[in-house]
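Q: Prediction below, plus the sequence it came from.
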Protein chains: 2
Amino acid sequence: MKLTDQKRMQILDAAEELFHSSGVEHTSMDQLALQAKVSKRTVYNHFATKDALFQAILQRMFDKLAQGGEVKFDAAVPIDQQLRRIAQDEVALLSSAAFLRVAKIAIMQVMQRPELAQLMSDSSLGCKRYIDKFLVDACTAGVLKITDIPFAGKQFIYQLKSFVFYPSLFGLEQQTPAQQAHIINEAIALFLARYQAK
Amino acid sequence: MKLTDQKRMQILDAAEELFHSSGVEHTSMDQLALQAKVSKRTVYNHFATKDALFQAILQRMFDKLAQGGEVKFDAAVPIDQQLRRIAQDEVALLSSAAFLRVAKIAIMQVMQRPELAQLMSDSSLGCKRYIDKFLVDACTAGVLKITDIPFAGKQFIYQLKSFVFYPSLFGLEQQTPAQQAHIINEAIALFLARYQAK
DNA sequence: GCACAAGTAAACTGGTTAGTGCAGTTTTTT
DNA sequence: AAAAAACTGCACTAACCAGTTTACTTGTGC
């Protein structure tokens, strides 16, 4: 690998680490250069400003997370099993270190500079990408009975987010895999109690 | 009112305003004194350090919010009506400007300095104070059937928080009263579908 | 009305930080 | 091997900011 790409990666890695642990504001470019084992001047040769570096970090982290499988509705499989697949994928994402990092950095910035807010709502990660389609298909097949599908989808996702994502984000607690399984089971039970076609 | 109390209030009001709109870090003590129409020295006569001022702000805001009625279970009233009362109170709190302010300021600080995390989990506001007791009573009366009561209480509150609180916190959208009513109705429908005793 | 508590403006201290300029070294390309 | 591109270390600027000092004025209680 070329030296210059190597250095660029060192800078991005260091920035990801420091922005996450200390916050963007509290990370000085001198610290950053030190951690990246690169001269400060080199940092500025790659990124014109601190803000440009910040943008590049967000972009790189989003790209890392953008991949991820889609669960397609299959009438031959019990609905609770399919929902469990979706929920398990989502919980794995929401509790992954990579996702928590980008979320923390992004949310801190958004709260400080509200003009960046749509940055967050625009970005579609995880099951948010396909859950509406899944629910439509399940309704069409007569397995579920939902009047407001986007709303019901949010209800399902928000269950997972509330129990798994926000507590981790605010540094309150992490869940054990057993707790995660319980959260998933209860979210599905709640959802099916309301929306399963009888 | 004595001049000194007047000045103190001006300082706290200015700090609340600026800490909210610009963040604690981005608010300088010079700006703050200007906005409060008070000399900078006077700020320091009332509050030894910026951090002391920040603590005082949080305390004042919490005190403002601490009051709020408790809904007690009443076997003579339909359960959905009672849950609606609880949800309405909670949504009113979660979407109030006062609550959003203190939450935003507190959360920004917590995310920057994770050692303050228990500050948030300790503080019990809104229906979190009494919902467990309410659910226990409802189960005892045979109206609801819940195995894990604290978990179920969280499921209910989290519905409201997810739809009302977080979107406002991140500056994404505000709900109209009609939308709020819809959110409340659906949260209750979801909850009762799962937990109402048959 | 006097004494003291509180407020004021402005300059200052000491520290931090984003970003630049430069002279010299190493790596890559041709 | 020579030219170009990238990296390095270090000193520098210009700005910002928490908190202090000083010399002075205004409000309050007795």
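A: Nice, I can see it.
Q: How far does stretch A:179-196 sit from its chain's centre?
A: Relative to its parent chain, stretch A:179-196 has a centroid offset of 21 Å by Cα atoms, centre = their mean, to the nearest Å.
Q: Need the contact partners of that stretch.
A: With Cβ atoms under 8 Å, 6 or more residues apart in numbering or on different chains as the test, stretch A:179-196 has contacts from A:79-80, A:83-84, A:87-88, A:91, A:95, A:143-146, A:152, A:155-156, A:159-160, A:163-164, A:175, B:148, B:151, B:155, B:189-191, B:193-194. (C-beta placed from N, C-alpha, C; glycine too.)
Q: ditto for stretch A:12-20
A: A:27, A:31-32, A:35-36, A:38, A:53-54, A:56-57, A:60-61, A:101, A:104-105.
Q: with these in mind, which one is nearest to B:Q112?
A: Nearest to B:Q112, judged by Cβ to Cβ, of the contacts of stretch A:12-20 is A:K104 at 10.0 Å.
Q: That closest one is in contact with A:S168, isn't it?
A: No. Checked against Cβ atoms under 8 Å, the pair A:K104 and A:S168 is beyond contact range at 9.3 Å.
Q: Number of residues surrounding A:V71?
A: 19 (other Cβ atoms under 10 Å in any protein chain shown).
Q: hang on, the earlier thing: and DNA strand D, which of the contacts of stretch A:12-20 reach it?
A: A:V38 (Cβ under 7 Å from any atom of the strand).
Q: The contacts of stretch A:12-20 in helices, which ones?
A: A:31-32, A:35-36, A:53-54, A:56-57, A:60-61, A:101, A:104-105 (DSSP state H).
Q: Quick one: buried ones out of those residues?
A: A:L32, A:Q35, A:A36, A:L53, A:F54, A:A56, A:I57, A:R60, A:M61, A:R101, A:K104, A:I105 (16 or more other Cβ atoms under 10 Å in any protein chain shown).
Q: so the first one touches A:S22, yeah?
A: No. Look at A:L32 against A:S22 with Cβ under 8 Å: they stay out of range, at 9.9 Å.
Q: Give me the neighbour count for A:G142.
A: 9.
Q: Secondary structure of it: a strand, I assume?
A: No. Assignment of A:G142 by DSSP: H, G, I helix; E, B strand; the rest coil gives coil, placing it outside any strand.
Q: if I look at the nearest residue to it once chain neighbours are set aside, how far off is A:L144?
A: Excluding the flanking residues, the one nearest A:G142 by Cβ to Cβ, 6 or more residues apart in numbering or on different chains is A:A197, at 5.6 Å. Distance of A:A197 to A:L144, given as Cβ to Cβ, to the nearest Å: 6 Å.
Q: related to what we said a few turns ago, inside strands: which ones of the contacts of stretch A:179-196?
A: Among those, DSSP state E puts none in strands.
Q: Among those residues, the buried ones, what's the PyMOL command?
A: Here is the PyMOL command that selects only those of the contacts of stretch A:179-196 that count as buried (16+ other Cβ under 10 Å):
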select buried, (chain A and resi 79+83+84+87+91+95+143+144+146+152+155+156+159+160+163+164+175) or (chain B and resi 155+190+191+193+194)
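Q: The residue nearest to A:G142 contacts A:A141, doesn't it?
A: No. Using Cβ under 8 Å, A:A197 is not in contact with A:A141, being 9.2 Å away.
Q: Next up, the contacts around the spatially most central residue of chain A.
A: In chain A, the residue lying closest to the centroid (Cα atoms, centre = their mean) is A:F99, at 4.4 Å. Counting by Cβ under 8 Å, 6+ apart, A:F99 makes contact with A:L65, A:L93, A:L125.
Q: Which of these fall in helices?
A: Filtering those for helices - DSSP H - leaves A:L65, A:L93.
Q: how much space between A:A97 and B:A117?
A: In terms of Cβ to Cβ, A:A97 sits 17 Å off from B:A117.
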